[in-house]
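would you be able to build a 3D model of this:
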Amino acid sequence: CIRLQYAQEADALRATLLHEVAHACDHLTQSFLRRWRGARCNHGPSWRAWANALGIEPSSRGTSEGVRALYQRRAKVVANCVLCGEEIRRIRRLPRGVQFLHRRCGGVLEVR
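Model (predicted):
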C-alpha cells in the first residue's frame, strides 16, 4: 500500500510510482523461501536492478518542492530547545515521557 502525494511535480510523481513498482517487481521475482525468511533488502541489489530497468535513479529518497511547501504549511511547533530556544516544527507530535536532544546544539527538547 502506498500513498502518493499529488502536491509533487509530475516527474517526481512518476519517479515515486516507478520506485514502488520496482519494489513490487523485486518482491514478486524473489523466491518464496527468501521472501518468507526475510532474506532480502528493501533497497538492495535486486531492487536497484529493477529501478535501473524501469529508468529511474535507484535511490531511497526523493525531493519535491511542492511536497516541501505542503509540509511547511502543515507543520506545527511540537518542541522547544531549552539551550538555544529553537522551535522544532513537525506534522506529528513527539511522544511524551521521552527525552530528545537537539541535533544542532545538544540541548534538551521541551515537548509541548
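
Three-state assignment for T16, please.
Using DSSP: H, G, I helix; E, B strand; the rest coil, the secondary structure recorded for T16 is helix.

is it in contact with L4, as I believe?
Yes - T16 lies in contact with L4 (C-beta atoms under 8 Å); the separation is 6.2 Å. Just so you know, the C-beta spots here come from the backbone N, C-alpha and C atoms, and that holds for glycine as well.

who's more crowded, those two?
A direct count of neighbours by other C-beta atoms under 10 Å for T16 and L4 places T16 higher, at 18 against 10.

so for stretch 81-94, mean pLDDT?
Mean pLDDT, computed over stretch 81-94, is 94.

what do you get for stretch 24-38?
Rounded mean pLDDT across stretch 24-38 is 73.

what about the strands in this protein?
For the chain, the strands defined by DSSP state E occupy 76-81, 87-90, 109-111.

between the ones you listed, which one is nearest to A24?
Nearest of those to A24, taken as C-beta to C-beta: strand 87-90 at 30.2 Å.
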